[in-house]
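[1] Sequence first, then the predicted structure, then my questions.
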Amino acid sequence: MIGVVKVGGAEGNRLEPLLAELASRTVDGERWVLVHGASGIMDRFCGERGVPVRMITSPTGYRSRFVGETERAVFEEAAMAYGALIKQGLDGFCAQSEQLHPARLGTVLAKRKDILRESVNGRIRVLRGNYSGTVSSVDSSAVTKKINEGVIPIMPPLGLDRESGLAINIDGDRLAAAAAGSIRADVMIILSNVPGLMKNINEPSSLIKSGSLANWETLEYYAQGNMKRKVVACREALEARVPRVCLADGREENPIANALRGNATCLVR
């Protein structure tokens with residue numbers, strides 16, 4: 001099996017159970033790529049450095065972080081620091097891993113989105129000087145080489161913007177989708193601190209366990225807040241020919257096995 005798993009960087013996510021399971025699965029011959037977020041450590045670093053955290057909501061309802069020039073440098077540092085913590089954890093389970101920094105290795109290219117539009121009380125504001133963007137490409141040969149060597153590549157939410165030569169902030173969920181499509185993964189799993197996509201966020205029994213591109217409008221209807229972008233990432237992975245994608249609970253003891261057993265939102269083409 002070739003898989004891509006993405007774990008969020010927010011508070012409430014658990015790393016140790018995932019890292020233990022990844023180490024075990026790699027020993028058994030499976031090949032996995034680990035993509036991670038950095039929101040929690042970014043907030044902490046900003047607080048320590050006196051850098052304001054600015055979250056904005058787009059006119060279409062997507063919430064994201066505004067990353068100016070100062071924030072970009074802090075975000076890069078935070079992302080790599082969280083990746084180093086992940087690597088240390090994998091080392092503890094005797095698993096080989098490597099952080100893939102896009103600015104050094106060119107593994108992920110991104111296109112910077114300098115201008116963002118923010119919706120405030122029904123009015124649209126234009127923000128300039130943004131240092132975040134979208135994934136342009138993932139170097140499948142570099143990633144595949146690592147997993148074939150039994151190494152777990154650790155991919156931060158960063159992409160190399162060739163125009164500026166800087167590592168810029170990209171969405172980790174959509175990076176996972178791009179990586180999964182690039183390496184022709186059998187499955188992509190996005191872990192967070194909820195069981196998956198639910199009809200009622202306060203009612204775990206309302207979990208939507210399955211879906212496909214044929215009923216995507218229904219899935220989008222129930223996606224709220226941060227789940228909206230995760231659902232977009234799932235669609236991008238399916239459209240890139242990934243056979244199966246799951247939105248699952250990262251707080252379980254064996255989160256990958258839990259997702260593959262169907263205790264998640266599992267989507268197919």
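    Thanks, I have it.

[2] With adjacent residues omitted, what lies nearest to residue 14?
    Excluding its sequence neighbours, the residue lying closest to residue 14 (C-beta to C-beta, 6 or more residues apart in numbering) is residue 251, at 5.2 Å. C-beta here means a position set from N, CA and C on the backbone, and glycine is covered the same way.

[3] I meant residue 19, not that one.
    residue 89 (4.4 Å).

[4] Please identify which helix or strand holds that neighbour.
    helix 69-92 (DSSP states H and E).

[5] What is that helix packed up against?
    helix 16-27, strand 31-36, helix 39-49, strand 97-99, strand 152-155, strand 158-161, strand 166-170 (3 or more C-beta pairs under 8 Å, 6 or more residues apart in numbering; DSSP states H and E).

[6] Rebuild these as TSV, extending it with mean neighbour count, mean pLDDT and distance to residue 188.
    Formatted as TSV, the helices and strands packed on helix 69-92 follow (neighbours: other C-beta atoms under 10 Å; pLDDT from 0 to 100; distance: least, C-beta to C-beta, whole Å):
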stretch	mean neighbour count	mean pLDDT	distance to residue 188
helix 16-27	19	96	14
strand 31-36	25	98	9
helix 39-49	17	93	20
strand 97-99	20	97	19
strand 152-155	24	98	13
strand 158-161	26	96	18
strand 166-170	25	96	16
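
[7] so where's the stretch 51-200 of the chain shaky on pLDDT?
    For the stretch 51-200 of the chain, not a single residue meets the criterion pLDDT under 70.

[8] bridging residues for the residue lying closest to residue 250 once chain neighbours are set aside?
    Ranked by C-beta to C-beta, 6+ apart and with sequence neighbours excluded, the top spatial neighbour of residue 250 is residue 191, at 3.2 Å. Counting by DSSP bridges, residue 191 is bridged to residue 7, residue 248.

[9] my guess is residue 191 contacts residue 9, does it?
    No: Residue 191 is beyond contact range of residue 9, at 11.2 Å (criterion: C-beta atoms under 8 Å).

[10] what about those two, which has more around it?
    residue 191 (28 against 22; other C-beta atoms under 10 Å).

[11] From residue 110, how far out is the more buried one?
    Counting by C-beta to C-beta, to the nearest Å, the separation of residue 191 from residue 110 is 23 Å.

[12] Do a quick rundown of the strands in the stretch 151-269 of the chain.
    152-155, 158-161, 166-170, 187-192, 210-212, 244-249, 265-268 (DSSP state E, counting those that start in this stretch).

[13] which residues sit against the helix holding residue 89?
    Helix 69-92 is contacted by residues 9, 15-16, 19, 22-23, 34, 36-38, 40-42, 44-46, 49, 51, 54, 65, 67, 96-99, 101, 129, 131, 152, 154, 156-158, 166-169 when judged by C-beta atoms under 8 Å, 6 or more residues apart in numbering.

[14] Quick check: phi and psi at the spatially closest residue to residue 115 that is not a sequence neighbour.
    Distance criterion C-beta to C-beta, 6+ apart; nearest residue to residue 115, sequence neighbours excluded, is residue 128 at 5.5 Å. Backbone geometry at residue 128, expressed as degrees, to the nearest 10, gives phi -110, psi 160.

[15] from memory residue 128 sits against residue 112, does it?
    No: Residue 128 lies out of contact with residue 112 (C-beta under 8 Å); the separation is 11.8 Å.
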